[in-house]
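Student: Got a predicted structure here, sequence first:
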Amino acid sequence: HMLQALNFPSKIRSRNIIKKERFKKDRIQFVLIEIAIADTYGAGFEFSPKEKIQQYNNLERYLPHELYQFVGKYTDDTQMSIAIAELVLSGSDWSSSQIAAKFVECFKRDERKGYSKGFYELLKSVNSADELLSIIRPDSERNGAAMRAAPLGFIKEKDKLIIAAINQAKVTHDTDIAIKSSIAVALAAHFGIFLNGSISDLQSYLIDTGYGDWDYSWNKEVSVGAYDSVSAALTCLCECRSFTDLLKMSVDLGGDTDSVASIAAGIAACFKEYDMTIPESLIQGFDEKEFGIQFLNNIDLQLFKMAA
(Lines give C-alpha, C1' and ligand atoms only; values in the text may rest on other atoms or scores of the structure.)
Protein backbone atom coordinates (compact mmCIF):
# COMPACT_ATOMS: atom_id res chain seq x y z
CA HIS A 1 0.00 0.00 0.00
CA MET A 2 1.21 3.46 -0.91
CA LEU A 3 0.91 4.68 2.69
CA GLN A 4 3.38 2.09 3.90
CA ALA A 5 5.68 2.73 0.95
CA LEU A 6 5.93 6.33 2.08
CA ASN A 7 6.62 5.29 5.66
CA PHE A 8 3.57 7.32 6.53
CA PRO A 9 2.56 6.76 10.15
CA SER A 10 -0.26 4.29 9.65
CA LYS A 11 -2.38 5.99 12.30
CA ILE A 12 -2.49 9.16 10.23
CA ARG A 13 -5.62 7.78 8.59
CA SER A 14 -7.53 7.68 11.83
CA ARG A 15 -7.44 10.99 13.60
CA ASN A 16 -9.45 9.60 16.49
CA ILE A 17 -6.82 6.98 17.23
CA ILE A 18 -4.11 9.62 17.05
CA LYS A 19 -5.99 11.90 19.41
CA LYS A 20 -6.51 9.13 21.98
CA GLU A 21 -3.17 7.39 21.82
CA ARG A 22 -0.67 10.01 20.89
CA PHE A 23 -1.51 13.11 22.83
CA LYS A 24 -4.17 12.01 25.30
CA LYS A 25 -5.34 15.62 25.41
CA ASP A 26 -7.78 15.40 22.53
CA ARG A 27 -5.90 18.31 21.13
CA ILE A 28 -3.50 18.59 18.23
CA GLN A 29 -2.19 16.06 15.76
CA PHE A 30 0.58 17.38 13.58
CA VAL A 31 1.98 20.77 12.77
CA LEU A 32 4.95 20.35 10.44
CA ILE A 33 3.22 17.62 8.44
CA GLU A 34 0.24 19.91 7.90
CA ILE A 35 2.50 22.85 6.99
CA ALA A 36 4.43 20.68 4.52
CA ILE A 37 1.32 19.29 2.79
CA ALA A 38 -0.26 22.77 2.60
CA ASP A 39 2.96 24.29 1.26
CA THR A 40 3.37 21.52 -1.31
CA TYR A 41 -0.21 21.86 -2.53
CA GLY A 42 -0.11 25.66 -2.57
CA ALA A 43 3.21 25.66 -4.46
CA GLY A 44 1.45 24.27 -7.54
CA PHE A 45 -0.76 27.36 -7.69
CA GLU A 46 1.66 30.10 -6.62
CA PHE A 47 0.99 33.19 -8.78
CA SER A 48 -0.87 31.02 -11.28
CA PRO A 49 -3.59 32.28 -13.62
CA LYS A 50 -7.10 32.31 -12.12
CA GLU A 51 -8.25 29.80 -14.76
CA LYS A 52 -5.73 27.22 -13.53
CA ILE A 53 -6.95 27.69 -9.96
CA GLN A 54 -10.61 27.39 -10.96
CA GLN A 55 -9.93 24.25 -12.97
CA TYR A 56 -7.57 22.35 -10.66
CA ASN A 57 -8.06 23.52 -7.06
CA ASN A 58 -9.91 20.36 -6.04
CA LEU A 59 -7.33 18.64 -3.78
CA GLU A 60 -7.11 15.69 -6.20
CA ARG A 61 -3.38 16.03 -6.88
CA TYR A 62 -0.35 18.27 -6.66
CA LEU A 63 0.41 20.45 -9.68
CA PRO A 64 3.88 21.41 -10.99
CA HIS A 65 5.32 24.65 -9.65
CA GLU A 66 4.93 27.38 -12.30
CA LEU A 67 8.55 28.46 -12.14
CA TYR A 68 10.54 25.34 -11.18
CA GLN A 69 8.25 22.54 -12.39
CA PHE A 70 8.78 20.33 -9.32
CA VAL A 71 5.71 18.36 -8.16
CA GLY A 72 4.82 17.04 -4.71
CA LYS A 73 7.71 18.83 -3.01
CA TYR A 74 7.62 21.52 -0.35
CA THR A 75 9.37 24.90 -0.49
CA ASP A 76 11.16 27.37 1.79
CA ASP A 77 8.01 27.80 3.91
CA THR A 78 8.39 24.26 5.25
CA GLN A 79 12.18 24.13 5.30
CA MET A 80 12.36 27.29 7.40
CA SER A 81 9.53 26.08 9.68
CA ILE A 82 11.64 22.96 10.28
CA ALA A 83 14.57 25.22 11.20
CA ILE A 84 12.43 27.13 13.72
CA ALA A 85 11.00 23.88 15.17
CA GLU A 86 14.53 22.49 15.65
CA LEU A 87 15.53 25.71 17.42
CA VAL A 88 12.48 25.45 19.70
CA LEU A 89 13.41 21.87 20.61
CA SER A 90 17.06 22.71 21.20
CA GLY A 91 16.19 25.30 23.85
CA SER A 92 17.84 28.00 21.73
CA ASP A 93 18.77 31.34 23.27
CA TRP A 94 17.41 32.90 20.06
CA SER A 95 20.58 34.81 19.31
CA SER A 96 20.94 35.96 15.72
CA SER A 97 23.97 33.70 15.25
CA GLN A 98 22.10 30.56 16.43
CA ILE A 99 19.14 31.36 14.21
CA ALA A 100 21.29 32.15 11.16
CA ALA A 101 23.36 28.99 11.71
CA LYS A 102 20.19 26.88 11.73
CA PHE A 103 18.88 28.51 8.53
CA VAL A 104 22.19 27.76 6.79
CA GLU A 105 22.32 24.20 8.16
CA CYS A 106 18.78 23.31 7.05
CA PHE A 107 19.40 24.68 3.55
CA LYS A 108 22.82 23.05 3.09
CA ARG A 109 21.68 19.57 4.09
CA ASP A 110 18.70 19.71 1.72
CA GLU A 111 19.13 22.38 -0.96
CA ARG A 112 15.85 23.19 -2.64
CA LYS A 113 14.18 25.80 -4.81
CA GLY A 114 11.26 27.93 -3.64
CA TYR A 115 13.18 30.62 -1.79
CA SER A 116 13.22 34.10 -3.30
CA LYS A 117 15.92 34.20 -5.97
CA GLY A 118 18.17 36.55 -4.01
CA PHE A 119 17.95 34.63 -0.74
CA TYR A 120 18.48 31.30 -2.53
CA GLU A 121 21.68 32.59 -4.13
CA LEU A 122 22.80 34.02 -0.79
CA LEU A 123 22.24 30.71 1.04
CA LYS A 124 24.13 28.87 -1.70
CA SER A 125 27.08 31.26 -1.43
CA VAL A 126 27.59 31.28 2.37
CA ASN A 127 28.89 28.57 4.68
CA SER A 128 28.33 30.01 8.14
CA ALA A 129 26.06 32.14 10.28
CA ASP A 130 28.69 34.90 10.38
CA GLU A 131 28.84 35.03 6.59
CA LEU A 132 25.06 35.13 6.27
CA LEU A 133 24.69 37.88 8.88
CA SER A 134 27.46 39.98 7.39
CA ILE A 135 26.01 39.93 3.87
CA ILE A 136 22.22 39.93 4.32
CA ARG A 137 20.23 43.18 4.22
CA PRO A 138 17.28 42.37 6.48
CA ASP A 139 15.04 45.23 5.38
CA SER A 140 12.26 43.16 3.83
CA GLU A 141 8.56 43.64 4.58
CA ARG A 142 7.69 40.33 2.92
CA ASN A 143 6.10 37.29 4.57
CA GLY A 144 9.25 35.23 5.21
CA ALA A 145 9.24 35.74 8.98
CA ALA A 146 5.53 34.87 9.31
CA MET A 147 5.62 31.76 7.11
CA ARG A 148 7.99 29.96 9.52
CA ALA A 149 6.61 31.24 12.85
CA ALA A 150 3.90 28.69 13.76
CA PRO A 151 6.28 26.27 15.60
CA LEU A 152 7.10 29.12 18.00
CA GLY A 153 3.62 28.54 19.43
CA PHE A 154 5.10 25.58 21.34
CA ILE A 155 7.11 27.90 23.60
CA LYS A 156 5.16 27.81 26.87
CA GLU A 157 6.09 31.23 28.32
CA LYS A 158 4.50 34.01 26.30
CA ASP A 159 7.33 36.49 26.99
CA LYS A 160 9.93 34.02 25.69
CA LEU A 161 7.78 33.29 22.67
CA ILE A 162 7.61 36.99 21.77
CA ILE A 163 11.40 37.40 22.13
CA ALA A 164 11.94 34.35 19.89
CA ALA A 165 9.44 35.69 17.33
CA ILE A 166 11.14 39.10 17.25
CA ASN A 167 14.66 37.68 17.00
CA GLN A 168 13.96 35.09 14.31
CA ALA A 169 12.25 37.78 12.20
CA LYS A 170 15.10 40.26 12.58
CA VAL A 171 17.68 37.93 11.02
CA THR A 172 16.01 38.26 7.61
CA HIS A 173 13.08 40.70 8.00
CA ASP A 174 14.00 43.46 10.45
CA THR A 175 10.99 45.68 9.74
CA ASP A 176 8.03 46.60 11.90
CA ILE A 177 5.34 44.76 9.90
CA ALA A 178 7.44 41.61 9.41
CA ILE A 179 8.24 41.41 13.13
CA LYS A 180 4.56 41.92 14.02
CA SER A 181 3.59 39.20 11.52
CA SER A 182 5.98 36.74 13.16
CA ILE A 183 4.62 37.48 16.65
CA ALA A 184 0.99 37.27 15.50
CA VAL A 185 1.41 33.83 13.87
CA ALA A 186 3.32 32.50 16.91
CA LEU A 187 0.72 33.84 19.35
CA ALA A 188 -2.15 32.42 17.29
CA ALA A 189 -0.60 28.94 17.48
CA HIS A 190 0.13 29.40 21.19
CA PHE A 191 -3.51 30.38 21.81
CA GLY A 192 -4.63 27.01 20.47
CA ILE A 193 -1.94 24.90 22.13
CA PHE A 194 -1.67 26.33 25.65
CA LEU A 195 -4.83 28.39 26.17
CA ASN A 196 -7.13 25.87 24.50
CA GLY A 197 -8.59 28.81 22.62
CA SER A 198 -11.32 28.64 20.02
CA ILE A 199 -11.03 29.96 16.49
CA SER A 200 -13.97 32.31 17.03
CA ASP A 201 -12.05 34.03 19.86
CA LEU A 202 -8.73 34.26 17.98
CA GLN A 203 -9.22 37.73 16.51
CA SER A 204 -10.08 39.30 19.87
CA TYR A 205 -7.17 37.44 21.52
CA LEU A 206 -4.69 38.84 18.99
CA ILE A 207 -6.18 42.33 19.35
CA ASP A 208 -5.94 42.09 23.16
CA THR A 209 -2.27 41.13 22.95
CA GLY A 210 -1.56 44.11 20.70
CA TYR A 211 -0.83 42.07 17.57
CA GLY A 212 -4.26 41.88 15.98
CA ASP A 213 -4.13 44.65 13.41
CA TRP A 214 -4.94 42.58 10.29
CA ASP A 215 -7.68 42.49 7.69
CA TYR A 216 -9.88 39.56 8.75
CA SER A 217 -12.08 39.74 5.65
CA TRP A 218 -9.38 39.52 3.00
CA ASN A 219 -10.85 38.59 -0.38
CA LYS A 220 -8.34 39.50 -3.09
CA GLU A 221 -5.13 38.11 -4.56
CA VAL A 222 -2.35 37.90 -1.98
CA SER A 223 1.01 39.60 -2.48
CA VAL A 224 4.24 38.45 -0.82
CA GLY A 225 3.86 41.24 1.74
CA ALA A 226 3.66 40.27 5.41
CA TYR A 227 0.46 42.26 6.00
CA ASP A 228 -1.35 40.74 3.02
CA SER A 229 -0.25 37.18 3.70
CA VAL A 230 -1.10 37.13 7.41
CA SER A 231 -4.43 38.90 6.75
CA ALA A 232 -5.32 36.29 4.11
CA ALA A 233 -4.19 33.36 6.30
CA LEU A 234 -6.19 34.57 9.31
CA THR A 235 -9.26 35.21 7.12
CA CYS A 236 -9.15 31.65 5.76
CA LEU A 237 -8.38 30.20 9.19
CA CYS A 238 -11.36 31.91 10.85
CA GLU A 239 -13.74 31.09 7.99
CA CYS A 240 -13.03 27.34 7.79
CA ARG A 241 -12.98 24.44 10.25
CA SER A 242 -11.29 21.72 8.21
CA PHE A 243 -7.90 21.31 6.55
CA THR A 244 -9.51 20.61 3.16
CA ASP A 245 -11.68 23.74 3.20
CA LEU A 246 -8.72 25.77 4.45
CA LEU A 247 -6.46 24.58 1.60
CA LYS A 248 -9.11 25.28 -1.03
CA MET A 249 -9.85 28.77 0.29
CA SER A 250 -6.15 29.68 0.65
CA VAL A 251 -5.49 28.70 -2.96
CA ASP A 252 -8.70 30.26 -4.33
CA LEU A 253 -7.46 33.72 -3.31
CA GLY A 254 -4.51 33.38 -5.71
CA GLY A 255 -1.10 35.00 -5.44
CA ASP A 256 1.31 33.68 -2.81
CA THR A 257 -0.79 30.58 -2.23
CA ASP A 258 1.84 28.33 -0.64
CA SER A 259 2.71 30.86 2.07
CA VAL A 260 -0.93 31.61 2.88
CA ALA A 261 -1.76 27.89 3.00
CA SER A 262 1.24 27.01 5.18
CA ILE A 263 0.67 29.85 7.65
CA ALA A 264 -3.02 28.99 7.95
CA ALA A 265 -2.42 25.24 8.24
CA GLY A 266 0.33 25.65 10.83
CA ILE A 267 -2.03 27.61 13.06
CA ALA A 268 -5.09 25.43 12.34
CA ALA A 269 -3.25 22.32 13.50
CA CYS A 270 -3.01 23.89 16.96
CA PHE A 271 -6.80 24.02 17.45
CA LYS A 272 -8.69 20.91 18.44
CA GLU A 273 -11.90 22.06 16.72
CA TYR A 274 -10.17 21.87 13.32
CA ASP A 275 -10.61 18.65 11.36
CA MET A 276 -7.06 18.19 10.07
CA THR A 277 -7.73 15.08 7.96
CA ILE A 278 -5.40 15.11 4.96
CA PRO A 279 -6.88 13.95 1.63
CA GLU A 280 -5.51 10.55 0.58
CA SER A 281 -4.48 11.97 -2.80
CA LEU A 282 -2.14 14.47 -1.12
CA ILE A 283 -0.64 11.81 1.14
CA GLN A 284 0.10 9.59 -1.86
CA GLY A 285 1.50 12.34 -4.05
CA PHE A 286 3.82 13.76 -1.38
CA ASP A 287 7.28 13.17 -2.86
CA GLU A 288 9.77 13.77 -0.05
CA LYS A 289 12.19 11.09 1.11
CA GLU A 290 14.92 11.99 3.60
CA PHE A 291 13.19 15.04 5.05
CA GLY A 292 9.68 13.73 4.45
CA ILE A 293 6.88 12.31 6.56
CA GLN A 294 8.91 10.26 9.05
CA PHE A 295 11.30 13.15 9.66
CA LEU A 296 8.48 15.69 10.09
CA ASN A 297 6.47 13.30 12.26
CA ASN A 298 9.44 12.84 14.59
CA ILE A 299 9.76 16.61 15.12
CA ASP A 300 6.00 16.93 15.64
CA LEU A 301 6.07 14.23 18.33
CA GLN A 302 8.89 16.02 20.14
CA LEU A 303 7.05 19.35 19.97
CA PHE A 304 3.92 17.83 21.50
CA LYS A 305 5.93 16.11 24.21
CA MET A 306 7.46 19.49 25.03
CA ALA A 307 4.05 21.15 25.23
CA ALA A 308 2.48 18.43 27.39
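Tutor: Great, that's in hand.

Student: how close does the residue lying closest to Ala268 once chain neighbours are set aside get to Ala232?
Tutor: Among residues not flanking Ala268 along the chain, Tyr274 sits closest, at 4.5 Å (C-beta to C-beta, 6 or more residues apart in numbering). Glycine gets a C-beta too; all of them are placed from N, C-alpha and C. Using C-beta to C-beta, to the nearest Å, Tyr274 is found at 17 Å from Ala232.

Student: Between the two, which has more neighbouring residues?
Tutor: Ala232 (31 against 23; other C-beta atoms under 10 Å).

Student: Would you mind measuring from that one to Trp214?
Tutor: In terms of C-beta to C-beta, Ala232 sits 9 Å off from Trp214.

Student: wait, what's in contact with the residue nearest to Leu195 when sequence neighbours are not counted?
Tutor: Leaving aside its sequence neighbours, Leu195 sits nearest to Tyr205 (C-beta to C-beta, 6+ apart; 7.7 Å). Residues near Tyr205 by C-beta atoms under 8 Å, 6 or more residues apart in numbering: Leu187, Ala188, Phe191, Leu195, Gly197, Gly212.

Student: With Met147 instead?
Tutor: So Met147 contacts Asp76, Asp77, Met80, Ser81, Ser229, Ser259, Ser262, Ile263 (C-beta under 8 Å, 6+ apart).

Student: from memory the third one sits against Ala149, does it?
Tutor: Going back to what we said before, that points to Met80. No. Judged on C-beta atoms under 8 Å, Met80 makes no contact with Ala149 at a distance of 9.4 Å.

Student: Show me which of those two is the more surrounded one.
Tutor: Remark: of Met80 and Ala149, Ala149 carries more neighbours, 31 against 26, as counted by other C-beta under 10 Å.

Student: Name the helix or strand for the closest residue to that one other than its chain neighbours, please.
Tutor: Once flanking residues are discounted, Ala149 sits nearest to Val185: 3.9 Å by C-beta to C-beta, 6+ apart. Element membership of Val185, judged by DSSP states H and E, is helix 176-193.

Student: next one: that helix to chain centre, how far?
Tutor: On the basis of C-alpha atoms, centre = their mean, to the nearest Å, helix 176-193 sits 12 Å off its chain's mean C-alpha point.

Student: Same check on stretch 219-239?
Tutor: 14 Å.

Student: ok, and for it, which residues are buried?
Tutor: Residues 222, 224-237 are the ones in stretch 219-239 that count as buried (16 or more other C-beta atoms under 10 Å).

Student: which of those residues lies closest to Arg142?
Tutor: When the buried residues of stretch 219-239 are compared for distance to Arg142 (C-beta to C-beta), Val224 comes out closest, at 4.7 Å.

Student: In the stretch 1-150 of the chain, what residue spans correspond to helices?
Tutor: In the stretch 1-150 of the chain, the helices defined using DSSP state H, counting those that start in this stretch lie at 2-5, 15-17, 32-43, 50-56, 76-89, 96-108, 117-125, 129-135, 144-147.
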